[in-house]
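**Student:** coordinates only, sequence not included:
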């Protein structure tokens with residue numbers, strides 16, 4: 001009888017908060033790593049949020065909302081999300097990043113997205129994208145605008161990147177996935 005209840009007891013105990021000497025309690029809000037902020041808008045959700053940095057790995061910065069939704073940007077290009085439900089688990093966008101930074105050529109570029117399917121397995125979406133200079137609007141004075149038009153596996157979308165004089169992405173509209181759609185990111189806000 002005790003053996004049959006053991007898994008239940010372990011699961012029950014895992015749900016009850018326990019004070020462990022020597023371990024600090026988890027903070028209620030994420031610990032930000034810098035003063036910068038970005039703004040993100042997801043029209044399909046009617047959501048607008050200000051995010052702060054919580055982690056850095058090379059030039060990839062993970063930004064979070066107060067309630068833990070995260071966007072990971074590598075050189076200003078969206079490479080992952082968490083907390084949105086159907087998240088972008090990862091994106092392979094090396095050729096795009098090089099072209100946006102002026103280290104590669106515009107033209108046809110490969111892109112690969114990874115998502116979790118309904119059975120918690122990784123499903124990949126292979127895309128072919130065309131990156132080209134776009135005509136800037138009057139409000140975009142001093143910015144270079146690039147458009148990335150992508151298609152593959154029955155999906156198509158257009159990402160836009162506004163690049164400042166220093167070569168960094170200062171504003172963008174980037175597709176997360178078929179269920180969430182695009183996110184507009186304005187960065188950085190101080």
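**Tutor:** Okay, I see it. This one's a predicted model, so the numbers in the text were calculated from it and none came from an experiment.
**Student:** residue 30 reaches residue 63, doesn't it?
**Tutor:** No. In this structure, residue 30 is not within contact of residue 63 by C-beta atoms under 8 Å, at 9.9 Å. The way it works is simple: take the backbone N, C-alpha and C, and place the C-beta from them, glycine included.
**Student:** these two: which is more packed in?
**Tutor:** Neighbours were tallied for residue 30 and for residue 63 using other C-beta atoms under 10 Å; the higher tally belongs to residue 63 (25 against 20).
**Student:** which neighbours do residue 30 and residue 63 share?
**Tutor:** With contacts taken as C-beta atoms under 8 Å, 6 or more residues apart in numbering, residue 30 and residue 63 have 52, 54 as neighbours in common.
**Student:** what about the helices in this protein?
**Tutor:** Secondary structure of the chain (DSSP state H): helices located at 2-15, 94-100.
**Student:** for the last one, name the packing helices and strands.
**Tutor:** Packing contacts for helix 94-100, counted by 3 or more C-beta pairs under 8 Å, 6 or more residues apart in numbering; DSSP states H and E, involve strand 77-82, strand 107-116, strand 122-134, strand 144-152.
**Student:** pLDDT of the first one, averaged?
**Tutor:** Per-region confidence: strand 77-82 scores 98 on mean pLDDT.
**Student:** can you list the buried residues in it?
**Tutor:** By neighbour count, and taking 16 or more other C-beta atoms under 10 Å as the criterion, the buried residues in strand 77-82 are 77, 78, 79, 80, 81.
**Student:** could you do the last one as well?
**Tutor:** For strand 144-152, the buried set under the neighbour-count rule, 16+ other C-beta under 10 Å, comprises 144, 145, 146, 147, 148, 150.
**Student:** pull the residues that contact it.
**Tutor:** Contacts with strand 144-152, where a contact means C-beta under 8 Å, 6+ apart, come from 96, 99-100, 106, 109, 111, 125-137, 156-163, 175.
**Student:** just give the closest residue to the residue nearest the centre of the chain, not the sequence neighbours.
**Tutor:** Nearest residue to the geometric centre of the chain (C-alpha atoms, centre = their mean): residue 71, 3.3 Å. When the adjacent residues along the chain are set aside, residue 71 lies closest to residue 63, with 5.0 Å between them (C-beta to C-beta, 6 or more residues apart in numbering).
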